[in-house]
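Engineer: What follows is a predicted protein model with its sequence.
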Amino acid sequence: MKVKIFTEVTTFIPDELAKEYNIDFVEFSLLIDGKSYKEKSEINREEFINTMNEMDPYPTSSMANPNEYLEAFQKAENEGYEEILYIGITTNLSQSQNSAKIASKQIKKAKVTIYDSEIMGACQGILALSAAHLFQKGKSMDEVIKHLDSIKEITYGAGLSSSFEVLFKTGRVKKGVAISAISTIMRLKPMYEFNYEKGITSLGGGRGYKGAIKILIENFLEKTDENLDYILIMGDVINPDLMKKVEAEIKKIRKIKETFYWPVTAMAAHTLGKGCVVAVIGPSWEVEL
């Protein structure tokens with residue numbers, strides 16, 4: 001069975017891994033100065049991250065439309081793929097899955113499966129790579145979907161941003177806890193998590209990065225299993241020193257077999273803010289549970 005996997009760039013999956021596992025991306029767009037740019041192929045990530053805070057108006061984002069999904073699916077179909085698996089970003093953040101479903105109805109030769117990851121970022125990336133690994137080993141679509149359902153429960157991601165103003169700027173991060181005006185005045189450092197029920201949600205703030213990291217680690221303790229071996233995926237937006245501090249604290253509380261450093265994409269940086277740090281722990285995509 002010849003299977004093609006599609007997902008979003010916001011999975012953070014590095015190009016070399018995407019190539020190794022035959023994963024293709026459907027790109028979202030950013031509107032900058034009235035012009036739309038594809039988040040990966042038309043935007044220089046480093047340049048965008050360095051200048052986005054000075055952009056006025058602040059860029060807005062948009063999902064791919066049905067025609068873009070159709071173009072991607074048709075290309076795979078024409079290349080002889082018998083099945084297509086699209087692993088979509090949570091509907092709490094985007095309605096892109098609806099666009100993919102509309103496009104899939106026009107694909108006649110290949111069977112298209114739309115899978116709701118219910119999450120985003122590197123959590124979603126682990127799902128996509130796990131699926132690709134299983135397909136390479138000859139697993140069926142049903143077996144792959146069953147595996148993805150099982151690893152959702154043991155994959156968790158969270159991180160830090162530089163300020164509440166930055167974190168809530170796009171409106172995509174939900175205020176999961178009460179955020180008072182004094183939080184901004186006291187310059188508390190905000191935390192967020194990738195939440196299966198709400199998308200990206202705030203975890204409140206800590207006194208300075210030291211206090212915020214302490215609370216962040218408490219969340220990792222609560223929402224992960226001390227008996228499991230994990231991989232750790234780290235990313236930052238021009239804040240490598242803070243990233244290393246978070247990484248070190250996570251390694252104190254959980255068994256981390258391997259650490260990966262994935263670039264936070266332009267779209268995710270736009271949402272989480274300059275200075276953010278992302279941490280995700282989950283099962284290795286090369287392990288079958």
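Structural biologist: Yes, it's here. Keep in mind the model is a prediction, meaning the values are calculated, not measured.

Engineer: okay but residue 109 is in contact with residue 79, surely?
Structural biologist: No - assessed by C-beta atoms under 8 Å, residue 109 is found out of contact with residue 79, at 10.9 Å. Every C-beta, even on glycine, is put in place using the N, C-alpha and C of the backbone.

Engineer: Now do the helices in the stretch 151-289 of the chain.
Structural biologist: Along the stretch 151-289 of the chain, counting by DSSP state H, counting those that start in this stretch, helices occupy 164-167, 181-185, 208-223, 240-253, 266-272.

Engineer: would you turn the ones you listed into a markdown table with distance to residue 136?
Structural biologist: A markdown table is the format used below for the helices of the stretch 151-289 of the chain (distance: least, C-beta to C-beta, whole Å):
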| stretch | distance to residue 136 |
| --- | --- |
| helix 164-167 | 38 |
| helix 181-185 | 47 |
| helix 208-223 | 30 |
| helix 240-253 | 29 |
| helix 266-272 | 27 |
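
Engineer: Minimum distance to residue 66: which of the ones you listed has it?
Structural biologist: helix 266-272 (19.4 Å; C-beta to C-beta).

Engineer: can you count the residues close to residue 105?
Structural biologist: Residues contacting residue 105 under the criterion other C-beta atoms under 10 Å number 10.

Engineer: Kindly report the same for residue 83.
Structural biologist: Neighbour tally, residue 83, other C-beta under 10 Å: 18.

Engineer: So it is in contact with residue 110, correct?
Structural biologist: Yes - using C-beta under 8 Å, residue 83 is in contact with residue 110, at 6.1 Å.

Engineer: Let me know whether residue 236 touches residue 277 as I believe.
Structural biologist: Yes - with contacts counted by C-beta under 8 Å, residue 236 reaches residue 277, the gap being 4.9 Å.

Engineer: Between those two, which contacts overlap?
Structural biologist: Common contacts of residue 236 and residue 277, defined by C-beta atoms under 8 Å, 6 or more residues apart in numbering, comprise 242-243.

Engineer: Those two: which is more packed in?
Structural biologist: Using other C-beta under 10 Å, the more surrounded residue of residue 236 and residue 277 is residue 277, with 29 against 23.

Engineer: what's the pLDDT at that one?
Structural biologist: Looking at residue 277, its pLDDT reads 98.

Engineer: Next up, the contacts around residue 4.
Structural biologist: Going by C-beta under 8 Å, 6+ apart, the list of residues near residue 4 reads 22, 24, 76, 79, 81, 83-85, 110.

Engineer: Ignore what I typed, I meant residue 41.
Structural biologist: By C-beta under 8 Å, 6+ apart, the neighbours of residue 41 are residue 27.

Engineer: Flag every buried residue along the helix or strand harbouring residue 115.
Structural biologist: For residue 115, the element it lies in under DSSP states H and E is strand 111-116. Neighbour-count burial for strand 111-116 flags 112-115 (criterion: 16 or more other C-beta atoms under 10 Å).

Engineer: Please apply the same query to stretch 154-170.
Structural biologist: Within stretch 154-170, the residues that count as buried by 16+ other C-beta under 10 Å are 154-164, 166-170.

Engineer: Filter those residues down to the ones in strands?
Structural biologist: 156-160 (DSSP state E).

Engineer: Quickly name whichever of those is closest to residue 194.
Structural biologist: Closest to residue 194, out of all of those and judged by C-beta to C-beta, is residue 157, at 4.1 Å.

Engineer: Beta-bridge partners for the closest one, please?
Structural biologist: residue 280 (DSSP bridges).

Engineer: How many residues are close by the closest residue to residue 168 other than its chain neighbours?
Structural biologist: Closest residue to residue 168 apart from its sequence neighbours, by C-beta to C-beta, 6 or more residues apart in numbering: residue 175 at 7.1 Å. By other C-beta under 10 Å, 13 other residues sit near residue 175.

Engineer: domain parsing for this protein?
Structural biologist: 3-28+63-152, 156-282 (automatic domain parsing).

Engineer: can you pull the contacts of the most centrally placed residue in the chain?
Structural biologist: Taking C-alpha atoms, centre = their mean, the centroid of the chain lies closest to residue 121, which sits 0.7 Å from it. Contacts here follow C-beta under 8 Å, 6+ apart; on that basis residue 121 touches 10-12, 157, 194, 268, 278, 280.

Engineer: distance of the spatially closest residue to residue 282 that is not a sequence neighbour from residue 281?
Structural biologist: Counting by C-beta to C-beta, 6+ apart, residue 155 is the residue found nearest to residue 282 once chain neighbours are left out, at 3.4 Å. For residue 155, the distance to residue 281 (C-beta to C-beta, to the nearest Å) stands at 7 Å.
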